[in-house]
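Student: sequence unknown, structure follows:
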């Protein structure tokens, strides 16, 4: 009968189990296979997937500088402001003409009413 190795060892060495607390250097390191190089499933005809590009920005936004875009935005805002002012002036002019026309109609109606009142008084 052969004796195990840990029985012949000293009491300090006997407490350590030779397989459970082995240093990391004794364990052989197996490199992991990269999945991008070859397919594990064997489907070599399948195209490897890649991340979706979700940046659908126009080329002008990608290439232009921030200052240029801000200048363009300021010009557009100035143009919009000017257009709004012109529209407001046009609306004010139309409103003024309507008021003048209504005043004339009221004055005409008042004159007609006064004439009818005079006609009734003088029969």
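Tutor: Everything's here; your move. Just so you know, these numbers come straight off a predicted model, no measurement behind them. Numbering: from 1, shown residues only.

Student: Can you list the residue ranges for helices in the chain?
Tutor: 11-14, 59-63, 66-121 (DSSP state H).

Student: Could you dump the ones you listed into CSV and include mean pLDDT and mean neighbour count?
Tutor: For glycine as for every other residue, the C-beta is placed from the backbone atoms N, C-alpha and C. Shown next, in CSV, are the helices of the chain (pLDDT from 0 to 100; neighbours: other CB atoms under 10 Å):
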stretch, mean pLDDT, mean neighbour count
helix 11-14, 50, 9
helix 59-63, 73, 8
helix 66-121, 95, 10
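
Student: Redo these as a markdown table? Include distance to residue 50.
Tutor: Formatted as a markdown table, the helices of the chain follow (distance: least, CB to CB, whole Å):
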| stretch | distance to residue 50 |
| --- | --- |
| helix 11-14 | 55 |
| helix 59-63 | 20 |
| helix 66-121 | 30 |
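
Student: quick one, which of the ones you listed is nearest to residue 48?
Tutor: For those, proximity to residue 48 was assessed by CB to CB; helix 59-63 is nearest, at 26.8 Å.

Student: what's in contact with the closest one?
Tutor: residue 69 (CB atoms under 8 Å, 6 or more residues apart in numbering).

Student: ok, now how distant is residue 88 from residue 81?
Tutor: Remark: distance between residue 88 and residue 81 (CB to CB, to the nearest Å) = 10 Å.

Student: typed the wrong thing, it's residue 119
Tutor: Residue 119 is 57 Å from residue 81, by CB to CB.
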